[in-house]
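Participant: Below are the sequence and a predicted model; questions follow.
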Amino acid sequence: MTLDELERWLALQIVGRYHAEVHSALLLPPRTAWNDAVAARVDPLRLPHDPDRFCRDFLPFNERCIRRDGLHLFGIRYWDDVLSPLAGRSARQVRVKFDPRDLSCVYVEQEDGSVWPVRFAALDRPPITLGEHRLARAALRERGVRSVDENWFSTPSRSNGDCWKAPFSRPEACAAMWSEPNEHSPLAGDRPARRRPRLKTRPSSTCRP
């Protein structure tokens, strides 16, 4: 059982069983007791004004520089046109929040408090969790992907656009989907990049890949 499968199982045990079965102390299902208590309140429940922002406040984050080709996190490249003013022009690091359950979109925070959602630079890539991403990287390294000609990776499992439909386990499917050695690959951060002309910006030792 993977960590993602464990999380789903635990959620089903809590929501599907515990809250639906009669509690020995309450003599009611917890869900029914909660609904009764809410209905008996004089004042309505206090909820976040912005639910999306409330969720983002609890997300983990890393700090990154905006490179000329976009934002790099976990060896994955992200891009959006909103990054253009900063791309390769500033050594300032920005806070990048991410949801480990879905790495297809990260959230770049600005000094004025605004948040920019930024997605995969390769929009055809399927969503992937952080756990699946790490397993895929490990599987690719084990298979020696970096030493194999890229033409070898033309496999049916990559063309269907869905890891779950691949005829093997989830980590192996994701590894096949992400195995092509280009700049969007999870291993892109592990290989030396092709040299390109550099902009005249001040070098900074704080920028990390």
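Facilitator: Cool, the structure landed. Numbering: from 1, shown residues only.
Participant: Tell me where the protein has helices.
Facilitator: Ranges of helices in the chain, per DSSP state H, are 3-11, 30-39, 51-56, 130-142, 156-159, 170-177.
Participant: what's the angle between the longest one and helix 3-11?
Facilitator: Direction vectors for helix 130-142 and helix 3-11, defined by axes from the mean of the first three to the mean of the last three C-alpha atoms, to 10 degrees, enclose an angle of 150 degrees.
Participant: by contact count, what packs against helix 130-142?
Facilitator: Judged by 3 or more C-beta pairs under 8 Å, 6 or more residues apart in numbering; DSSP states H and E, helix 130-142 is in contact with helix 3-11, helix 170-177. (Each C-beta comes from the backbone N, C-alpha and C, glycine too.)
Participant: hey, least reliable of the ones you listed by pLDDT?
Facilitator: Among the helices and strands packed on helix 130-142, helix 170-177 carries the lowest mean pLDDT, a mean of 56.
Participant: Deepest-packed of the helices of the chain, please.
Facilitator: Comparing these by mean neighbour count (mean count of other C-beta atoms under 10 Å), helix 170-177 ranks first with a mean of 22.
Participant: Correct me if wrong: Arg64 contacts Leu73.
Facilitator: Yes. Applying C-beta atoms under 8 Å, one finds Arg64 in contact with Leu73, separated by 6.2 Å.
Participant: Give the residues shared as contacts by the two.
Facilitator: Counting by C-beta atoms under 8 Å, 6 or more residues apart in numbering, the residues touching both Arg64 and Leu73 are Val96.
Participant: Just name the shakiest helix or strand of the protein by mean pLDDT.
Facilitator: None of the helices or strands of the chain scores lower by mean pLDDT, DSSP states H and E than helix 156-159, at a mean of 41.
Participant: low-confidence ranges in the chain?
Facilitator: Across the chain, residues meeting the criterion (pLDDT under 70) sit at 145-209.
Participant: longest strand anywhere in it?
Facilitator: strand 102-109 (DSSP state E).
Participant: Against which helices or strands is it packed?
Facilitator: strand 71-73, strand 94-99, strand 115-120.
Participant: Quick one: the ones you listed as JSON lines, columns for distance to Pro126 too.
Facilitator: Below are the helices and strands packed on strand 102-109 laid out as JSON lines (distance: least, C-beta to C-beta, whole Å):
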{"stretch": "strand 71-73", "distance to Pro126": "17"}
{"stretch": "strand 94-99", "distance to Pro126": "15"}
{"stretch": "strand 115-120", "distance to Pro126": "9"}
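Participant: what about Ser125, distance to Asp112?
Facilitator: Ser isn't right for residue 125; it's Arg. 30 Å (C-beta to C-beta, to the nearest Å).
Participant: okay, those two: which has more neighbours?
Facilitator: Counting neighbours by other C-beta atoms under 10 Å for Arg125 and for Asp112 shows that Arg125 has the greater number, 18 against 5.
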